[in-house]
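# Sequence first, predicted coordinates after that:
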Amino acid sequence: MKVYLDNAATTPLAPEVLDAMMPFLQEQYGNPSSIHGFGRVTRAAIEKARKAVAQSINASTGEIFFTSGGTESNNMVLRCAAQDLGVTDIITSSIEHHCVLYSSEDLAKRGKVNLHMVNLQEDGHVDYAHLEELLSGIEGKALVSLMYANNEIGNLLDVDRVAALCEEHGALFHSDTVQAICHYPIDVQQTKVHFLSGSAHKFHGPKGIGFLYINSDAMIKPFITGGSQERNMRAGTENLYGIVGLGKAIELGYEHMDSHRAHIEGLRDHFIAALKENIPGVTFNGDYDGQCLYTVVNVSFPPSDKSSMMLFNLDIAGIAASGGSACSSGSDVGSHVMQALQVDPDRVNIRFSFSYQNTQEEIDFVVEKLKEMYPAEVV
């Protein structure tokens, strides 16, 4: 049996999404910027997808811009906010995605902004009192960049609370919502966020396409120049079939969100209970039984003589999981999230992440394989 439990890294393309994309990979190939009939058809398809994204988060279509994914969207916000909106200070956390951390650190190194790291509580949640303290001490224009759902431990941010703090102190609020889109309702009219990013391949859409919500009160200038696409906000011929796929995926995600959530939560709860029952000494990182993304569980296994080969052995058994963010898979320095949480370096920490396509039979198979790797006598 092959079992894919690395959905936080990427999700399989939904069949309905592929069906929606196929005409634009074949017969509907016109350049959306062309004024002839071929171009008008593809332009209409892009605007239909834009409307689907806007409706999903209760935004205006004029506030949605397509990008290559979450990394570009996040870079665009951080760098353009410093350049165009007078941002002098960025507040973020040490467990953000590297595209936020590295971009913020680069801006600070080049003297463009002052960088502040908000404290974290022991379970990985943001220390909101410290966030307020930081906001109160900044004299210039601040941008708070905190992710809605952490991609490694799943902790959820209280976005409404952060939005209220930012509004109170006149700060801009950016949230990387890559892991939250299609899993939680997001209403930008209720939650006063200025920037919000998403990536299609995290919700059963194609890779290489994402979007950025930019509040009309915080418009930035283009990050990529050279053409008038995306209403002069992002130059370059549009990823037509990718945009169509994103639009279809987000429609499906929100249409079936409740049923998918119930199914995935059942799998996750079953998995956690089975691990507790069968593997003595197992623990979990982050706020796994509290304010946590229901598609992710980060498991901490006790040390054993097989620890160093655990991911490899899972792969041999046909099980896909992750030791951290897939974006850092070429690095041997370990997870920056685990380092920030100061977890025991002798334990093995593995992220299992689920989708609506997983089954209980698959979960039981994984548990059995883990039991084989952790017989009682080695624990």
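Sure, I can see it. Bear in mind that the values here come from a model prediction, so they are computed numbers and not experimental data. Residues are numbered from 1 along each chain as shown.
# so what pLDDT did the residue nearest to Asp6 when sequence neighbours are not counted get?
Counting by Cβ to Cβ, 6 or more residues apart in numbering, Ala320 is the residue found nearest to Asp6 once chain neighbours are left out, at 4.6 Å. Backbone N, C-alpha and C define where each C-beta goes, glycine included. Per-residue confidence at Ala320 stands at 97 (pLDDT).
# how close does Ala320 get to Ser308?
Distance, Ala320 to Ser308, by Cβ to Cβ, to the nearest Å: 19 Å.
# out of the two, which sits in the more crowded spot?
Set Ala320 next to Ser308 and count neighbours by other Cβ atoms under 10 Å: Ala320 wins out with 16 against 11.
# in the sheet, who's paired with the more buried one?
Ala320 has these beta-bridge partners by DSSP bridges: Tyr4.
# Correct me if wrong: it contacts Ala8.
No. In this structure, Ala320 is not within contact of Ala8 by Cβ atoms under 8 Å, at 11.2 Å.
# For the worst-scoring helix or strand of the chain on mean pLDDT, which helices and strands make contact with it?
Ranking every helix and strand in the chain by mean pLDDT, DSSP states H and E puts helix 336-340 at the bottom, with a mean of 89. When contacts are defined as 3 or more Cβ pairs under 8 Å, 6 or more residues apart in numbering; DSSP states H and E, helix 336-340 packs onto no helix or strand at all.
# ok now that helix, how far from the chain's centre?
17 Å (Cα atoms, centre = their mean, to the nearest Å).
# repeat for stretch 120-129
Here stretch 120-129 is found 19 Å from its chain centre; the criterion is Cα atoms, centre = their mean.
# buried sites along that stretch?
Neighbour counts over stretch 120-129 (16 or more other Cβ atoms under 10 Å) mark 120, 124-126, 128 as buried.
# and the two most separated of those?
Spatially, the most separated pair among those is Gly124 and Tyr128, at 13.4 Å (Cβ to Cβ).
# Okay, now the unreliable bits of the protein?
307, 324-333, 376-379 (pLDDT under 70).
# Strands along the stretch 1-150 of the chain, start to end?
Under the criterion DSSP state E, counting those that start in this stretch, the stretch 1-150 of the chain contains strands at 3-4, 64-67, 87-92, 114-117, 141-145.
# could you dump those to TSV with mean neighbour count and distance to Asp344?
Listed next are the strands of the stretch 1-150 of the chain as TSV, based on neighbours: other Cβ atoms under 10 Å; distance: least, Cβ to Cβ, whole Å:
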stretch	mean neighbour count	distance to Asp344
strand 3-4	20	27
strand 64-67	24	38
strand 87-92	22	26
strand 114-117	17	23
strand 141-145	23	29
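# Tell me which of those strands lies nearest to Glu27.
Of all the strands of the stretch 1-150 of the chain, strand 64-67 sits nearest to Glu27, with 21.9 Å by Cβ to Cβ.
# For His270, which three-state class applies?
helix (DSSP: H, G, I helix; E, B strand; the rest coil).
# cool, and Cys166?
helix.
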